[in-house]
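Chemist: how does the following fold in three dimensions:
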Amino acid sequence: MTEDAAVNVADDHILSNQIMRGLIALRGHFGCSLHKALDVFAARYEVLRAERPGDFVCSHEDYWVGFYS
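Modeler: Numbering: from 1, shown residues only. A predicted model of the protein is given here:
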């Protein structure tokens, strides 16, 4: 499993700041650990933030507020 394979599996969740739903989607798709799903999520977040910044529902500064891992 590579981060490249995560393309669009959780994009809708990432863009709409649904972190837990995105992690669940990635774990279900890849059958991986929560730690690995978070790594993949974070990597995909960075790609989407660079390629599609206007599609996010909140700013980068607000995105991770309240999420503690």
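
Chemist: can you give me the neighbour number for residue 21?
Modeler: Applying other Cβ atoms under 10 Å, we find 14 other residues in the vicinity of residue 21. Using the backbone N, CA and C atoms, a C-beta is placed for each residue, glycine as well.

Chemist: residue 58 now?
Modeler: 12.

Chemist: dump the residue contacts of it.
Modeler: When contacts are counted by Cβ atoms under 8 Å, 6 or more residues apart in numbering, residue 58 touches residue 17.

Chemist: which SSE is it in?
Modeler: Mapping residue 58 onto the secondary structure by DSSP states H and E places it in no helix or strand at all.

Chemist: and it, how far is that from residue 36?
Modeler: With the distance defined as Cβ to Cβ, to the nearest Å, residue 58 ends up 25 Å from residue 36.

Chemist: the spatially most central residue of the chain: what's it in contact with?
Modeler: Closest to where the C-alpha atoms of the chain average out (Cα atoms, centre = their mean) is residue 41, at 3.3 Å. With contact set as Cβ under 8 Å, 6+ apart, residue 41 has these partners: 6, 10, 14, 19, 22-23, 26.

Chemist: could you say which helix or strand holds it?
Modeler: When the helices and strands are read off by DSSP H and E, the one containing residue 41 is helix 34-51.

Chemist: buried ones in the helix or strand just after that helix?
Modeler: Read in the C-terminal direction, the helix or strand following helix 34-51 is helix 60-63, with elements assigned using DSSP H and E. Going by neighbour count (16 or more other Cβ atoms under 10 Å), the buried part of helix 60-63 is residue 63.

Chemist: name the helices or strands packed onto helix 60-63?
Modeler: Here helix 60-63 is seen to pack against no other helix or strand when contacts are counted using 3 or more Cβ pairs under 8 Å, 6 or more residues apart in numbering; DSSP states H and E.

Chemist: restricting to C-alpha, output that helix in PDB.
Modeler: What follows is the C-alpha trace of helix 60-63 in PDB, where atoms were taken according to Å, rounded to 0.1, in the frame of the first residue of the first chain:
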ATOM      1  CA  HIS A  60      -5.400  25.500   6.800                       C
ATOM      2  CA  GLU A  61      -5.200  27.100  10.200                       C
ATOM      3  CA  ASP A  62      -8.600  25.900  11.300                       C
ATOM      4  CA  TYR A  63      -8.500  22.400   9.700                       C
END
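
Chemist: before I go, just wanted to say thanks for your time.
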